[in-house]
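In: Quick one: sequence and predicted model below, then my questions.
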Amino acid sequence: MIKLFIPFLLISFFAFSVNAAPGNQSNPLMHDANKIIVPVGGNTWTINGGNITNNGLTQWESSATSVKTYIYLSQNGTLNLSINMKPGGKNLLKLTIQGVSKQVTVEGSLEKEFYVGKWEHVNKGYVIIELQGVSKTADSFGTVTTFGISGTSINIETAFVKDNIDNYFYWGRRGPSVHLKYNIPSSQITDFYSEIQVP
């Protein structure tokens, strides 16, 4: 009885300690144990400004810029999100996933991880992490290198371009390719017809 009761108290205390500090937005303990890193360089596109390089997002100066990072989830669930960046000033950012937005204040001259929040009900499929700048104290909103994701929606089948080995960032942002292959039967072929429709 005592052996079961003590771990329960420890787990309850640990969970309370982690959630009791909502102001600490760089606390990595707010992520679940299955946290993985999504590079901006190979998975992100911008609209109305900003520049994506292999190292991430740069030249992000306008609040009209929309930064969209794509991941694929094979199951529904929760999603914890953090952003790894160098703010350069004190900036307010807005991040949106499936229509639900959260804001985070980032500050400092060094690159660090800022915890954004937890999305409770994220549907499987292709998911867009949309980033926008709300206000800033410097000329730029900063540079962004990676996102951290964790939660019950994350598993081994979560898909995105994980690294730039063999120039994968270029191929990932260029777009997916579809290759069709047919096994030719041994019998004589007199006619062949193929059709593909792209919605």
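Out: Nice, I can see it.

In: end to end, how far does stretch 40-57 reach?
Out: Start and end residues of stretch 40-57 are separated by 7 Å (C-alpha to C-alpha, to the nearest Å).

In: Now do that stretch, average pLDDT.
Out: Stretch 40-57 carries an average pLDDT of 96.

In: Low-confidence stretches in the chain?
Out: 1-29, 176-178 (pLDDT under 70).

In: can you tell me how far the residue most central in space within it sits from Q188?
Out: With distances taken as C-alpha atoms, centre = their mean, the residue of the chain nearest its centroid is F147 (4.8 Å). Separation of F147 from Q188 (C-beta to C-beta, to the nearest Å) stands at 56 Å. (Glycine included, C-beta is placed from N, CA and C.)

In: Now do K35 against Y170, distance only.
Out: From K35 to Y170 the distance is 26 Å (C-beta to C-beta).

In: sorry, back to before: leaving out sequence neighbours, find the closest residue to the residue nearest to the centre of the chain.
Out: What sits nearest to F147 in space, not counting adjacent residues and going by C-beta to C-beta, 6 or more residues apart in numbering, is V38, at 4.5 Å.

In: List the strands paired with the helix or strand hosting that neighbour, with their directions.
Out: For V38, the host element (DSSP states H and E) is strand 36-39. Note on strand 36-39: by DSSP bridges, its sheet partners are strand 143-150 (antiparallel).

In: for the chain, what spans make up the strands?
Out: Listed in chain order, the strands of the chain (DSSP state E) span 36-39, 44-47, 51-53, 56-58, 66-73, 77-86, 90-97, 100-107, 112-122, 125-135, 143-150.

In: angle of the last one against strand 112-122?
Out: Orientation note: strand 143-150 sits at an angle of 40 degrees relative to strand 112-122 (axes from the mean of the first three to the mean of the last three C-alpha atoms, to 10 degrees).

In: got the angle between strand 143-150 and strand 66-73?
Out: Compare the direction of strand 143-150 with that of strand 66-73 by the same axes, to 10 degrees and you get 30 degrees.

In: what does strand 143-150 contact?
Out: Strand 143-150 is contacted by residues 28, 31-41, 55-58, 60, 67, 69, 71, 79-86, 88, 111, 113, 129, 131, 158 when judged by C-beta atoms under 8 Å, 6 or more residues apart in numbering.
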